[in-house]
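Q: Coordinates only, no sequence provided:
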């Protein structure tokens, strides 16, 4: 996966966690994967334009969220995803996203997905005038934290597009044995 998918999330985590939390997480990784990250550099040295092995990111997420209590995990991932999208959609990028419509986003979702992931299929279909269903299929890079973060990212993008009262609910996840990850999203017009 591309570093842009996790860099801002790591920066957010470093701000919220105890000092040295990222260093401890990296130290817990298998030796061959520790070299992927530099604990002495901001965001562990993850570069937005570089590609990273999914296994390294998965084990890092496991290590980071091992310290987060189960009952706080979902809210924590939501907060991190929202922060990440707010940081990556600044300036001209915010202007462009704000000009998208949900329908245009849905037609281009696979293209957007492929900018950050080298595998997996994304589809979003309208289920009503102000509702849709999102599908993520055949994603070998799936991880429960990244799956929820991508769902929360989608919800935040709809807000930036001008949708009000955006609500997202996860319906199914590969982590729970489902064949694909499914989420429902609804909003009101602005």
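A: Arrived safely, thanks for sending. Worth saying up front: this structure is predicted, and the values here are computed from it rather than measured. Numbers count the residues shown, from 1 in each chain.
Q: Could you check what's spatially nearest to residue 135, not counting adjacent residues?
A: residue 123 (4.6 Å; CB to CB, 6 or more residues apart in numbering). Backbone N, C-alpha and C define where each C-beta goes, glycine included.
Q: what kind of secondary structure is that neighbour in?
A: With DSSP: H, G, I helix; E, B strand; the rest coil as the basis, residue 123 sits in strand.
Q: for the one 3 residues further on, same thing?
A: The assignment at residue 126 comes out as strand when based on three-state DSSP.
Q: start at 23 instead
A: Happy to do that; since the first residue is 23 now, the last one works out to residue 148.
Q: Quickly list what it is bridged to.
A: On the basis of DSSP bridges, residue 148 is bridged to residue 154.
Q: Tell me the helix or strand right after the host helix or strand of residue 173.
A: Taking DSSP states H and E as the criterion, residue 173 maps to helix 166-182. Moving toward the C-terminus from helix 166-182, the next helix or strand (DSSP H and E) is strand 186-194.
Q: picking that back up, tell me what angle the helix holding residue 173 forms with strand 186-194.
A: In terms of direction (axes from the mean of the first three to the mean of the last three CA atoms, to 10 degrees), helix 166-182 departs from strand 186-194 by 160 degrees.
Q: same question for helix 166-182, mean pLDDT?
A: The average of the pLDDT scores along helix 166-182 is 95.
Q: which residue ranges form the strands in this protein?
A: Along the chain, the stretches classed as strands by DSSP state E are 143-150, 153-159, 186-194, 203-210.
Q: Let me have these in a markdown table, adding distance to residue 109 as columns.
A: Shown next, in a markdown table, are these (distance: least, CB to CB, whole Å):
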| stretch | distance to residue 109 |
| --- | --- |
| strand 143-150 | 22 |
| strand 153-159 | 22 |
| strand 186-194 | 19 |
| strand 203-210 | 22 |
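Q: so what's residue 69 closest to, chain neighbours aside?
A: Nearest to residue 69 is residue 25, by CB to CB, 6+ apart, at 4.8 Å.
Q: Confirm for me that that neighbour is in contact with residue 75.
A: No - in this structure, residue 25 is not within contact of residue 75 by CB atoms under 8 Å, at 11.5 Å.
Q: what's around residue 210, how many residues?
A: When neighbours are counted by other CB atoms under 10 Å, residue 210 registers 11.
Q: now do residue 148
A: Neighbours of residue 148 (other CB under 10 Å): 12.
Q: ok, so what distance separates it from residue 103?
A: Per CB to CB, to the nearest Å, residue 148 is found 23 Å from residue 103.
Q: what about residue 50, distance to residue 77?
A: Taken as CB to CB, the span from residue 50 to residue 77 is 14 Å.
Q: what's the burial count for the closest residue to residue 183 other than its chain neighbours?
A: Leaving aside its chain neighbours, residue 183 sits nearest to residue 122 (5.1 Å; criterion: CB to CB, 6+ apart). Using other CB under 10 Å, residue 122 has 17 neighbouring residues.
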